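J.: A predicted structure for the sequence below; I have some questions about it.
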Number of protein chains: 2
Amino acid sequence: MARALDIRSDLPPPRPAAELVRQHILDEAAHLFLTEGYNGTTLRRIAAAVGMKAGSIYHHVASKDDMLEEILVRGIEVMVHSFHHAAETTSGAGARTRLAAHIRAHLGSLFEHGPYTATHVTAFPYAPAGVRERIVPIRDGYEALWTELLAGLAAAGEIECGPSVQMTRLILMGSMNSSIEWFDPRGDRSVDQLADAITWQFCSAVGAAPDEGDTP
Amino acid sequence: MARALDIRSDLPPPRPAAELVRQHILDEAAHLFLTEGYNGTTLRRIAAAVGMKAGSIYHHVASKDDMLEEILVRGIEVMVHSFHHAAETTSGAGARTRLAAHIRAHLGSLFEHGPYTATHVTAFPYAPAGVRERIVPIRDGYEALWTELLAGLAAAGEIECGPSVQMTRLILMGSMNSSIEWFDPRGDRSVDQLADAITWQFCSAVGAAPDEGDTP
DNA sequence: AGATGAACCTAACGTTTGTTTGACAGATGG
DNA sequence: CCATCTGTCAAACAAACGTTAGGTTCATCT
């Protein structure tokens, strides 16, 4: 039986140093998963990047699959957080402003918050089946946010979708996500410029002209 | 020294049956590379799909890398062929018609000409470095066709690109290529509808209204 | 001082990878 | 009818894989 009424917690919080190493491992793993793919990345390669031997990794994580799963979950968390932040800061604005903010937020998740979100886009399709099944529901939650956003704007007549909102969402998210294969935020174009370009190409179809004023 | 002046060629043309088996192997390999990824596909898995044992594959193909390379090359050939066909059939048409035809042609390459082109999109980024280096120049040729097309339409003022033609091309090709991760041509939407949706979202920005007439 | 336990190492586990080998069956050709 | 060529197989190869086990170091706590 577990001792109760202990003054201090029986399960002490993880040491900050240990958690820091764990973060470091996941950072390097995510970076390698992103550039080399999941199957193309070996534990020895990850260990070398951290400055350890392969076996030592297992003192911080349960398995290679577990690493990927945690990276994918964190990637979605970043996206969801950015989405809500964009929604709050443009709650009263017009259609184009709101859409532009969300596009910028999604691209920010990809390029400005470490390799977790980007790994999500590239490594997910070929992740082990078990991992994928556990991630899909979480991922669905984020996609639902986008569907809701686009459907709302379309229903209000503020943007014009094609045959279906889902198809529109998939095309838009495809053009955003595929940018990680060619866009370099340290290059001669900024993330802002990329967001502007995608926003422009996507919602230039908006019946309403580019609006800057609020619509309370 | 090679014997010359032989009546028959020293290198007899490959038997048609043998070439057929080879095609079959490449077909199954491409399908597996597409669905499971290159590193996630084993030679034994490919052999099983063809109805052989792993070792037998090597009587038809030099190596796993060689399989991938040939698949990638053929994928580009399909795309280039479709591009030129679209260019010929709409040489005198207006901007939107020409662009729509090329978008439809590219999507046709992805979904209607076997797994070679689609494999090219998904497997290329994580192909072995040696293979990738040999493919890049060929791939550049196809991308140049698109750049030329978009630049021509933009220079004539028929479409409006963003800050750069390259960025516009990458965004457009990204939205087309990423559709292989979610679009199913056997589903309730046809490739034609997908092409229409992408064309609509992309070139609704065209200053000129949707034109149907030719501009000789 | 002695004990503790986390962090890391080396070494090896069993499995799977891409590839090679040698033998065997059937067709082909002189 | 014999010799040759083709395609296939079982078997084995070395290398690399993810993972486990056991030993060593070292700061911390009693």
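T.: Great, that's in hand.
J.: Up against chain B, what does chain A have?
T.: Contact residues, chain A versus chain B (C-beta under 8 Å from any C-beta of the partner chain): A:36-37, A:39-40, A:122, A:125-126, A:162-164, A:167-168, A:170-172, A:174-175, A:177-179, A:181-183, A:189, A:193-194, A:196-198, A:200-202, A:204-205. Placement of C-beta: from N, CA and C, glycine included.
J.: In helices, which of the residues you listed appear?
T.: Those of the residues of chain A next to chain B mapping onto helices are A:36, A:122, A:167-168, A:170-172, A:174-175, A:177, A:193-194, A:196-198, A:200-202, per DSSP state H.
J.: Would you show me how to pick out the buried ones of those in PyMOL?
T.: Of these, the buried ones go into a single PyMOL selection, burial set by 16 or more other C-beta atoms under 10 Å in any protein chain shown:
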select buried, chain A and resi 36+122+167+168+170+171+172+174+175+177+194+196+197+198+200+201+202
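J.: Do a quick rundown of the helices in chain A.
T.: A:16-36, A:43-50, A:64-89, A:95-112, A:115-123, A:129-155, A:165-177, A:191-203.
J.: quick one: which of these is nearest B:Ala30?
T.: helix A:115-123 (20.3 Å; C-beta to C-beta).
J.: who's in contact with the spatially closest residue to A:Thr199 that is not a sequence neighbour?
T.: Spatially, and ignoring its direct neighbours in sequence, A:Thr199 is nearest to A:Ala100 (4.5 Å; C-beta to C-beta, 6 or more residues apart in numbering or on different chains). By C-beta atoms under 8 Å, 6 or more residues apart in numbering or on different chains, the contact set of A:Ala100 is A:Ala195, A:Asp196, A:Thr199, A:Cys203.
J.: any idea how far the second one is from B:Ala18?
T.: The reference is to A:Asp196. Note on A:Asp196: its distance to B:Ala18, by C-beta to C-beta, to the nearest Å, is 55 Å.
J.: pLDDT below threshold where in chain A?
T.: Scanning chain A for pLDDT under 70 picks out A:1-17, A:204-216.
J.: Please report how far the residue nearest the centre of it lies from DNA strand C.
T.: The residue lying closest to the centre of chain A (C-alpha atoms, centre = their mean) is A:Thr117, at 3.4 Å. A:Thr117 is 26 Å from DNA strand C, where distance means C-beta to the nearest atom of the strand, to the nearest Å.
J.: I'd guessed that residue sits against A:Met79; true?
T.: Yes - taking C-beta atoms under 8 Å as the definition, A:Thr117 is a contact partner of A:Met79 at 5.8 Å.
J.: what's the overlap in contacts for these two?
T.: Counting by C-beta under 8 Å, 6+ apart, the common neighbours of A:Thr117 and A:Met79 are A:Ser109.
J.: which ones are touching A:Thr119?
T.: Residues near A:Thr119 by C-beta under 8 Å, 6+ apart: A:Ala30, A:His31, A:Phe33, A:Leu34, A:Ile71, A:Leu72, A:Gly75.
J.: Tell me the spatial nearest neighbour of the fifth one, not counting adjacent residues.
T.: Yep, that's A:Ile71 we're talking about. A:Ala30 (4.7 Å).
J.: Contact partners for that neighbour?
T.: A:Ile71, A:Gly114, A:Pro115, A:Tyr116, A:Thr119.
J.: ok, the second one touching A:Leu26?
T.: Put plainly, it is A:Gly114. No - contact criterion C-beta under 8 Å: A:Gly114 and A:Leu26 do not qualify, at 9.4 Å.
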